[in-house]
Every structure is written in C-alpha cells, then in structure tokens.
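Novice: Following is a predicted model, sequence given first.
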2 protein chains.
Amino acid sequence: MHTDLVAALDIGGTKIAGALVDGHGRIQARAQRATPAQQDGETVMRAVEEVLGDLAGSPLWGRAGSIGIGSAGPVDASAGTVSPVNVPGWRDFPLVERVRAATGGLPVELIGDGVAITAAEHWQGAARGHDNALCMVVSTGVGGGLVLGGRLHPGPTGNAGHIGHISVDLDGDLCPCGARGCVERIASGPNIARRALDGGWRPGSDGDTSAAAVAVAARAGDPVAVASFERAAQALAAGIAATATLVEIDIAVIGGGVAKAGDILFAPLRRYLRDYATLSFVRRLTVAPASTGTDAGLVGAAAAALASPRPTSV
Amino acid sequence: MHTDLVAALDIGGTKIAGALVDGHGRIQARAQRATPAQQDGETVMRAVEEVLGDLAGSPLWGRAGSIGIGSAGPVDASAGTVSPVNVPGWRDFPLVERVRAATGGLPVELIGDGVAITAAEHWQGAARGHDNALCMVVSTGVGGGLVLGGRLHPGPTGNAGHIGHISVDLDGDLCPCGARGCVERIASGPNIARRALDGGWRPGSDGDTSAAAVAVAARAGDPVAVASFERAAQALAAGIAATATLVEIDIAVIGGGVAKAGDILFAPLRRYLRDYATLSFVRRLTVAPASTGTDAGLVGAAAAALASPRPTSV
C-alpha cells in the first residue's frame, strides 16, 4: 500500500496527542489522552498505546509509513529513550522501541519538543524559507531548536537548540538545572512573575500572578511590570545573539505563552538585540513571533519523520 | 594534469602564509610575506600576490586544483569579501575575486581563521574522529569554529563558531565589539593580564606583563594570578557549555597562547564545566588542548578547499 502519511506523537507533561499527517502537514486523524504524569512508567506508556490504538482504528492507518515523536525532554535520540522532567516514571524509558513494538515495526523518529516546534515553524510557520533559524518557546520553561543549512539540526541526541539552559549571567541566580544565570532562569513566565512580585507589583482583584497578568500591568504602564519584561527581553537577546554568533542564524522565531505579551516583550527584545548582536554577520538578524498553533508539536514530529534519511530508526 | 594538491593561504595581521598541500595535509611548498597591515588595501593585496607568485614558481603548482583561504575576520564567504579588524585597508575587500584573477581562475574557498583552525584540528588534531566539536584559539583574541555532524560548519558567511563574542555576563564590562561580558572580554590573554595587574599582581624584573608571565606567577602560587586564570576559565566554561547546549558538541579543543598555560587554565576549566554543562546530553563533554601547530591555518584552509562541494566559488 502507498504510504503517503506519517503518524505523529506529541508527548508532554499534560497531554499525549497523536495524529495522522499528510505530506502537506495537514492533520487527517487525531487522538489524545491526558498524561498520567505522576504515575508509573507503564501507566504512562499505556496512555501512549491508547493514542496509537485510536489512530490505528482509522481507515487511513495503513497509509502511515513511519512515526515521528516529539517528546518533552531531555530525550536521547541515539539511544531511543526519553526522561521528561515532568514525567518522573520515565527515566531512560525506551520509548522508540516500545512505540515500534506497538505499531508492528514501523520506523520511528524521536526528537525533543523544542526541535519539533522548530520543524513545524520551518515547514509552515515564521521560519519558512529561512535556511538558518532559531525557534523558541518561551513559556513555563524556555526551549528551542535550530535549522542550519536548510535542515533541522536535532543533534546526535535530539536536544540541540536548548537555549533555555545557556548561561548569560555566569555569576547569576542558581537555576534548577544546576547552572547559574540561564536564559530560562531570567526569561520564563514564572520568573517574569516572580521578579515583578519581588519588585512590589501586586495582582488585581482576580489574584492572577501569572506572566500574562504582569503583561497586562506592563501594557497599562506599571513600571515594575515593564522592568520585569525588559529584563526577560535582555536575557533572551543575549541568548539569541549568542546563538547567531555561534551558528549564523538570520531569524529567531519566538512562540509560547510569554510571546503573547507582544510588543511588551518584542520591543525591548529588538532593542537589546542591537546591543548584543554586534558583529557584521549577525547584525541583520530579525525576530518574529511564531505562527504555528497548538498543533505545532504534531506537525513538527511529522516533519521529522518525513525528513528522516533513515529507513528505520534505532 | 591531475590536480592532487590544493593551494592554501593563511592571512593574518602579522603574516601572509601560503602553501601547496597534498591530500594527506602535508605541506609540499611554502611561501610567506609580512602583512603590510597598516598600508592601503592594494599594497596588502600585492603581498598576497607575491606569496601566490612564489607558489606558482614551484614545479608542483600545476597540480593545484583549487585554493583555500583562511583569513582574519570578519569574512563574508557569501560575498567573497574580507574586513579583518587588524587590516584597516581591507573593508569588504573582494579577496576571492582577486585571488581567482591572480591564479588564472582557480576555484577559491574562503573561511574565517577560527574555522580554518577547526578544520585542521578535525583533520589531523585533537578533534579527529569527533563528529561534533568546538575548536577555539585563546590568545590576543578568542576565536573558534564548529564541526557538526562530521563536517565543518562555517555558516553562510564563514564566521560560525565565533565564541569569543558571545555574552556570558549580560551586565558585564563593555567589549570593543559593542556588547557586554563577551567571553573574549574576560578570557583573552590581555584581559587575563589586565585583571591580574588590577588585582595587584606585579611583573618580575623582566617587566613582562603578558598572560604568559601571569601563568608563571600562578604556577608559583600567586593567588591574584591564579584568580585571574580562574575567572578566564569560568567564562570559557560558560561559553563552551552554552555551545554544547545549543548544538551538541562532545569535545572542545583549545589552542592559542593562553592554552599553553596548561593546568593553570585547564584544571579550573574542567571544574567550571561541571557547573555550567549540566543537562544530560552535555555532561560527557570533554576538553583537550589543540595538537596542530603553527601550520594549522594553512592545513585548515587546504581542508576547506578539499572538502568544498562546489566546483567553483563565488
């Protein structure tokens, strides 16, 4: 049978989404389960198998020639294992082998979720047509991925582009990862909110202390809220400039909840980029908001499976 | 005639070296001129033409099928131009076109000098056998280059791997490049010496205030000298860890005058790397001293010419 589709899995700490995706990135069938994130590894795997079972019930299933997985990280594509921070039951869990076994031996391509979103933005979003791009998600955490020389660059283990955990402040605050002054430690949503609260900002009557609430206050002119977003923008600019200086990207695409703050984030980000991206070959670097939606993880996982040069995976 | 050799040029602020190099990286003929760095662009070009003229006088010249150039940066490989900081007469100088014209139309491959040294270390040095490597020169400045997926990654303009100008201290001291807290601003030889002097270290009777003299003092136990190297090591570790986190390298190779300090630099560097390279996929990262010698620039330029997929260049 002609295999013109791929199956895609997007595995996060909240939900496990699955889809059958065609060569144009259109989703032809869907399935989803909540992630039983705090339960044992086999229980989590059963939820994955149920998603796959739903997809296999589709009349289109026979046209799926391979499977792409985008998973919360860290992942190890070379070993075929995942150890998502928010799914403690999975540590070096052999996801590739288990998914292959559950699907009768289909080839499986595994990448981190930041890399998957990058694949989606390069295929269909704001990074389309750019041969060298950094795509980021700024949300509860800060993740990312790279396109280099026109192709996704997942790196040997599928984790490349992990911009949230590069240090831009070597003497800075300790990050849960163990390092100091990581981009995520300064620019993630919870850190934007924490800094605003530390500076004296107080939420409205709804008690909302999220970064989105800080963005609303910033838009209304609250100087502490503005300063917290400016500091996040400065850290993001230093990290993006470092990436451009290291691998020559010409665009940085930013998605995730914090990016929804719009100009509150992007205006100071563009200003700080001029301070940190100074060498001739990085001065033309631009930033743009992400344009793929909630299906980006699925579409990106599908893109990785379609692009894989390997007939079968590990 | 069989073209089993390449011509190589290594263009720096002090000298312009040329060679005919065989497919094993062995130098079969040499030529050299001092760089008339403070003179006009045509005078500098004349020195390049004299080096090429000497090489063309070799009976082996007819076997050279292409030319590789490693030049002090910034370079622009996509435009075929160079603008070396220390050669003010060359700004957007069309070096590729001029070298091609001077050699009867041979194809020319242009890369930055950090990329050239990386090519040499990957071919014959400490990065041999590593598919993902960062190679650095820590000296008057801090330069570098990347090997990704088994191949040199010069980037579209030939400048990738410019680790000296990524910020690891976003509020830090202003760098001549315009940014703040760049790796070079903390870890270069002159900055190691400046920091030691600022801290109260004084040179011996020879009056030598170089980083090499600070290294001698550190080896003798001078705490200010030790601290200055430790700070340099911390900045290098943060930069190397950032690079590994972004593109997944498994080795960082460090050459240049400052690396000759040996354990005074490498011991704290390895210690700090454990602090900054924390994610699972970067924890196995190792560092090693460079092993190619003074011909690294020539050998690397030759490697780039040999590896170029292009029949002719820009």
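Specialist: That came through, no problem. Numbering: from 1, shown residues only, chains lettered A, B, ... in the order given.
Novice: Can you name the residues that contact the residue of the stretch 201-314 of chain A found nearest chain B?
Specialist: Residue nearest to chain B within the stretch 201-314 of chain A: A:Glu248 (3.2 Å; Cβ to the nearest Cβ). Using the backbone N, CA and C atoms, a C-beta is placed for each residue, glycine as well. Counting by Cβ atoms under 8 Å, 6 or more residues apart in numbering or on different chains, A:Glu248 touches A:132, A:281-282, B:155-157, B:159-160.
Novice: and these as a markdown table, adding secondary structure?
Specialist: Shown next, in a markdown table, are those (DSSP: H, G, I helix; E, B strand; the rest coil):
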| residue | secondary structure |
| --- | --- |
| A:Asn132 | coil |
| A:Phe281 | helix |
| A:Val282 | helix |
| B:Gly155 | coil |
| B:Pro156 | coil |
| B:Thr157 | coil |
| B:Asn159 | coil |
| B:Ala160 | coil |
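Novice: Let's see the pLDDT reported for the residue nearest the centre of chain A.
Specialist: With distances taken as Cα atoms, centre = their mean, A:Gly114 lies nearest the centre of chain A, 2.7 Å away. Note for A:Gly114: predicted pLDDT of 94.
Novice: isn't it right up against A:Pro74?
Specialist: No: at 10.6 Å, A:Gly114 does not count as touching A:Pro74 under the criterion of Cβ atoms under 8 Å.
Novice: Pull up the overlap in contacts between the two.
Specialist: What both A:Gly114 and A:Pro74 touch, as defined by Cβ under 8 Å, 6+ apart, is an empty set.
Novice: Which of the contacts of A:Glu248 ranks first by neighbour count?
Specialist: B:Ala160 (30 neighbours; other Cβ atoms under 10 Å in any protein chain shown).
Novice: Okay, that one and A:Thr3: tell me how far apart.
Specialist: 37 Å (Cβ to Cβ, to the nearest Å).
Novice: CA atoms only for whichever strand or helix holds A:Val96, dumped as CSV, please.
Specialist: Per DSSP states H and E, A:Val96 falls inside helix A:95-102. This file holds the C-alpha atoms of helix A:95-102, laid out as CSV (Å, rounded to 0.1, in the frame of the first residue of the first chain):
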residue,chain,number,x,y,z
LEU,A,95,10.0,4.9,24.0
VAL,A,96,11.3,4.3,20.5
GLU,A,97,11.4,0.5,21.0
ARG,A,98,8.0,0.5,22.7
VAL,A,99,6.3,2.6,20.0
ARG,A,100,7.8,0.4,17.3
ALA,A,101,6.6,-2.7,19.0
ALA,A,102,3.1,-1.2,19.4
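Novice: now the longest helix seen in chain A: how far from the chain's centre is it?
Specialist: The longest helix of chain A (DSSP state H) is helix A:223-247. Centre-to-centre, helix A:223-247 and its host chain are 18 Å apart (Cα atoms, centre = their mean, to the nearest Å).
Novice: quick check: mean pLDDT across it?
Specialist: 98.
Novice: is it true that A:Cys177 touches A:His162?
Specialist: No: using Cβ under 8 Å, A:Cys177 is not in contact with A:His162; the gap is 9.7 Å.
Novice: Find the residues that touch each one of those two.
Specialist: In contact with both A:Cys177 and A:His162: B:Leu279, using Cβ under 8 Å, 6+ apart.
Novice: the more surrounded of those two?
Specialist: Taking other Cβ under 10 Å, A:Cys177 and A:His162 do not tie; A:His162 has more neighbours (31 against 18).
Novice: can you pull the pLDDT of the more buried one?
Specialist: 95.
Novice: Likewise for A:Thr140?
Specialist: 88.
Novice: neighbours of it, just the number please.
Specialist: There are 17 residues near A:Thr140, going by other Cβ under 10 Å.
Novice: list the contacts for it?
Specialist: A:188-190, A:257.
Novice: ok, it to chain B distance?
Specialist: 17 Å (Cβ to the nearest Cβ, to the nearest Å).
Novice: Now do the SS call for that residue.
Specialist: Assignment for A:Thr140 (three-state DSSP): coil.
Novice: A:Tyr160 contacts A:Val147, correct?
Specialist: Quick fix: residue A:160 reads Ala, not Tyr. No: assessed by Cβ under 8 Å, A:Ala160 is found out of contact with A:Val147, at 10.5 Å.
Novice: Overlap in contacts, the two.
Specialist: By Cβ under 8 Å, 6+ apart, the residues touching both A:Ala160 and A:Val147 are A:His153.
Novice: Which single residue in the stretch 51-200 of chain A comes nearest to chain B?
Specialist: Closest point on the stretch 51-200 of chain A to chain B, by Cβ to the nearest Cβ, is A:Gly155, at 3.1 Å.
Novice: can you pull the pLDDT of that residue?
Specialist: Looking at A:Gly155, the pLDDT reads 95.
Novice: can you pull out the helices in the stretch 51-200 of chain A?
Specialist: Secondary structure of the stretch 51-200 of chain A (DSSP state H, counting those that start in this stretch): helices at A:95-102, A:113-124, A:183-187, A:189-198.
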